[in-house]
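[1] Fold the following for me, if possible:
(2 chains)
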Protein chains: 2
Amino acid sequence: MKNIAIGIDIGGTNIELAWVKPDGSMIKTLSYKTADFPQVENFIEKVGNTILSVNKELSDFEISGIGIGAPNGNYFTGSIEFAPNLKWEGKIELAKLIEQKTNLKTQLTNDANAAAFAEKLFGGAKQMNNFLVVTLGTGLGSGIFVNGEILYGSTGFAGELGHTTAIESGRKCGCGKKGCLESYASATGIVKTAKEFLALSKIDTELSKKENFDAKDIFVAAQNNDKLALETIKYTGEILGKSLTDYVALFSPEAIFLTGGLAKAHSLLIPATENAMNKNMLKIFKETAKILPSSLLEQNAGLLGAAAMAISKE
Amino acid sequence: MKNIAIGIDIGGTNIELAWVKPDGSMIKTLSYKTADFPQVENFIEKVGNTILSVNKELSDFEISGIGIGAPNGNYFTGSIEFAPNLKWEGKIELAKLIEQKTNLKTQLTNDANAAAFAEKLFGGAKQMNNFLVVTLGTGLGSGIFVNGEILYGSTGFAGELGHTTAIESGRKCGCGKKGCLESYASATGIVKTAKEFLALSKIDTELSKKENFDAKDIFVAAQNNDKLALETIKYTGEILGKSLTDYVALFSPEAIFLTGGLAKAHSLLIPATENAMNKNMLKIFKETAKILPSSLLEQNAGLLGAAAMAISKE
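    Predicted structure coming up:
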């Protein structure tokens, strides 16, 4: 019987489901609004029943299991723990609840780890055993493969690149610390940088014409050769590159894949990042680690990766 | 037949050999002066022959293999690559040369990784799968266990904690970069710090009475309650602790073991390090990673670990 896995990607806005073949093709997808499930019980009831009925439709296939990618997801406990973007409060034992409802083996991890699983099984990291996936979205997340396995550490929370210090006594970060990498290299961070540059600079820029602007506006402006927007992306790449230099010395990965909204500007962001890496890199690591856009940039890597987790355990 | 392994620890001053039982006890040890072997060929001939004749003496035992710990040792290539403290220049394929001479399976790694193998097999990390060993000697090295395996990365050089940036645009480091952790948290670094403090301070200190002083003099002074020496150790611990905070966010280890000469001052160094870690640690990691002196501080962990590498592969 043909083997497939179910992926569930839980985000602050949408919840996506997919039935995925081992080659990464999706034979069925479903989408829900996260806001429609104020309580996790509503979610289990509705989505659990849907899974059971779709599985019946797909009785030609054997379902190997369910993988879930979620913010603040912990693989060891199968729980979402205090996710700031979700209404489900406290610790939610989501893997257990889904497993009880569906009778299918269910695993859960955070969204950045799911993106790394996707890169390994379906993306640019198929042949790699040591690589980093850095998700540059509203925040900065990361999934790290070491010796062919995802890095969870002793707590399940390893790989918090976003909250390592990029700038000593720098910007206040949402986590309470100062100067975290996330507060510079993320969609939120790049907007802050542009606003700081705007306040200090006398350069004429199309960004000043908007009441408010977002990361996408900065890229569009940069593509139109807007000097302030270009400077903003360059600065962001420099900070990211400096931090990545240290991570190369720690992990010696074959490649670092950038994904998430901000990574869509890779044609501008990667050269600046690479430049900072080359300048700061220890000799023995020079040109050992490529920096690449994720090859799944146009797909939902979190969803694919959630499924990949259930496939890869077969 | 009882199983033993041979460990070889190559240092800038001494070369140590030991025949080690799986419980870590040494049934025979030998020591040479590194300077007596200006060419690697002399070393292979002399030490190789000794190994063969000792093995005959020990014919009651089965020798499972040889492990070598050496500065700039690369596990993947079995080579010492451009070690600044050795006279053997360029790339020396030491594992291959020893294997050819002795007909015993030979593996080589760097000295900090060897110390981590020792901690795992014979020391405080027996029950741990995720931990860091930081060697605070002339330089700063590290051996990192992830998922129960040593972290080599794609090049074999992973875990270069010593050359990650601790202070932006800080002290010039031997590697050519600025502000590397090694240039602060090492025997060399702590002496630099004390000299800087001495130049700026008007505090009366027993260190000013010496023409020159070393790390050990600083500890002795600190134990005598010398204010400048105490401040120096506190500052060193603060910088180390700040960096370790980031490494906890990356690796989420169960423990970080300090070893090497500087770690002998752990009763003063660890409280300062821990204090900086507690101040800067991300909430989810608070009190998840212990910082401990190596339990092998009074032994040659590099030598034990070199042997451990050959034992652990059985």
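[2] ok, the nearest residue to residue A:153 once chain neighbours are set aside - how many residues close by?
    Using Cβ to Cβ, 6 or more residues apart in numbering or on different chains and skipping the chain neighbours, the partner closest in space to residue A:153 is residue B:252 (2.5 Å). Where C-beta positions appear, they are placed from N, C-alpha and C, glycine not excepted. Counted by other Cβ atoms under 10 Å in any protein chain shown, the residues lying close to residue B:252 total 23.
[3] what are the phi and psi values for residue B:252?
    Phi and psi for residue B:252, reported as degrees, to the nearest 10, are phi 40, psi 60.
[4] ok, it - contacts?
    Residues counted as contacts of residue B:252 (Cβ atoms under 8 Å, 6 or more residues apart in numbering or on different chains) are A:152-159, B:130, B:285, B:288-289.
[5] Distance check, the residue lying farthest from the centre of chain A against residue A:222.
    Farthest-out residue of chain A from its mean C-alpha position, per Cα atoms, centre = their mean: residue A:202, at 35.5 Å. Per Cβ to Cβ, to the nearest Å, residue A:202 is found 19 Å from residue A:222.
[6] Near chain B, which residues of the stretch 101-250 of chain A are found?
    For the stretch 101-250 of chain A, the residues in contact with chain B (Cβ under 8 Å from any Cβ of the partner chain) are A:128-130, A:144, A:146-147, A:149, A:151-161, A:163-165, A:167-168, A:175-177, A:242, A:245-247, A:249-250.
[7] from those residues, which ones fall inside strands?
    A:144, A:146, A:149 (DSSP state E).
[8] Compute the number of surrounding residues for the residue in the stretch 101-250 of chain A that chain B sits nearest to.
    Per Cβ to the nearest Cβ, residue A:153 is where the stretch 101-250 of chain A lies closest to chain B, at 2.5 Å. When counting by other Cβ under 10 Å, one arrives at 26 neighbours for residue A:153.
[9] Over to the one 4 residues further on?
    Neighbourhood size, residue A:157 [other Cβ under 10 Å]: 21.
[10] Quickly note the distance from residue A:174 to residue A:34.
    Here residue A:174 is placed at a distance of 20 Å from residue A:34 (Cβ to Cβ).
[11] Now pLDDT too, for the contacts of residue B:252, in a markdown table please.
    Formatted as a markdown table, the contacts of residue B:252 follow (pLDDT from 0 to 100):
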| residue | pLDDT |
| --- | --- |
| A:152 | 97 |
| A:153 | 97 |
| A:154 | 97 |
| A:155 | 95 |
| A:156 | 94 |
| A:157 | 93 |
| A:158 | 95 |
| A:159 | 94 |
| B:130 | 98 |
| B:285 | 94 |
| B:288 | 96 |
| B:289 | 97 |
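[12] so which of the residues you listed comes closest to residue B:263?
    residue B:289 (16.5 Å; Cβ to Cβ).
[13] Now for the closest one: which residues touch it?
    By Cβ under 8 Å, 6+ apart, the neighbours of residue B:289 are A:154, B:248, B:252-256, B:277.
[14] Then residue A:245?
    Residue A:245 is in contact with A:276-277, A:280-282, B:165, counting by Cβ under 8 Å, 6+ apart.
[15] In space, what's closest to residue A:166 - neighbours in sequence excluded?
    Closest residue to residue A:166 apart from its sequence neighbours, by Cβ to Cβ, 6+ apart: residue A:181 at 4.1 Å.
[16] quick check: domain ranges of chain A?
    In the assignment given by automatic domain parsing, the structural domains of chain A cover A:2-120+A:300-312, A:128-293.
[17] quick one: contacts for residue A:210?
    By Cβ under 8 Å, 6+ apart, residue A:210 lies in contact with residue A:217.
[18] Assumed residue A:108 was part of a strand.
    Yes. Read with DSSP: H, G, I helix; E, B strand; the rest coil, residue A:108 is one of the residues of a strand.
[19] Any stretches of the stretch 151-300 of chain A with poor pLDDT?
    Under the criterion pLDDT under 70, no range of the stretch 151-300 of chain A is flagged.
[20] And the biggest helix by length in chain A, how far out from the chain middle?
    Assignment by DSSP state H gives helix A:227-251 as the longest helix of chain A. Relative to the centre of its chain, helix A:227-251 is centred 18 Å away, using Cα atoms, centre = their mean, to the nearest Å.
[21] Does chain B have contacts with whichever helix or strand comes after it?
    Using DSSP states H and E, the next helix or strand after helix A:227-251 towards the C-terminus is strand A:255-259. No. On the criterion Cβ under 8 Å from any Cβ, strand A:255-259 is out of touch with chain B, staying 8.7 Å away.
[22] list the buried ones in the helix or strand following strand A:255-259?
    Going down the chain from strand A:255-259, the next helix or strand is helix A:266-280, by DSSP H and E. Residues of helix A:266-280 classed as buried: A:266, A:268-270, A:272-273, A:276-277, A:280 (neighbour count, 16 or more other Cβ atoms under 10 Å in any protein chain shown).
[23] If we check chain B, which of these are in contact?
    The subset of the buried residues of helix A:266-280 within reach of chain B, by Cβ under 8 Å from any Cβ, is residue A:280.
[24] which one among the buried residues of helix A:266-280 gets closest to chain B?
    Of all the buried residues of helix A:266-280, chain B sits closest to residue A:280, with 6.7 Å by Cβ to the nearest Cβ.
[25] Leaving out the residues flanking it, which one is nearest to residue A:26?
    Counting by Cβ to Cβ, 6+ apart, the residue nearest residue A:26 is residue A:18, at 4.5 Å.
[26] The one you found belongs to a strand?
    Yes. Assessed with three-state DSSP, residue A:18 lies in a strand.
[27] Which strand residues bridge it?
    With DSSP bridges as the criterion, residue A:18 is bridged to residue A:7, residue A:29.
[28] From residue A:83, how far off is it?
    21 Å.
[29] With residue A:248 instead?
    Between residue A:248 and residue A:83 the distance is 30 Å, computed by Cβ to Cβ.
[30] Those two: which has the busier surroundings?
    Applying other Cβ under 10 Å to residue A:248 and residue A:83 shows that residue A:248 carries more neighbours, namely 28 against 20.
[31] how about that one, what does it touch?
    Counted by Cβ under 8 Å, 6+ apart, residue A:248 has contacts A:256, A:277, A:281, A:285, A:288-289.
[32] want to throw the residues you listed into TSV with distance to residue B:27?
    As requested, the contacts of residue A:248 are exported to TSV (distance: Cβ to Cβ, whole Å):
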residue	distance to residue B:27
A:256	47
A:277	48
A:281	45
A:285	40
A:288	41
A:289	43
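[33] now, which of those residues sits nearest chain B?
    So of the contacts of residue A:248, ranked by how close each gets to chain B (Cβ to the nearest Cβ), first place is residue A:288, at 5.2 Å.
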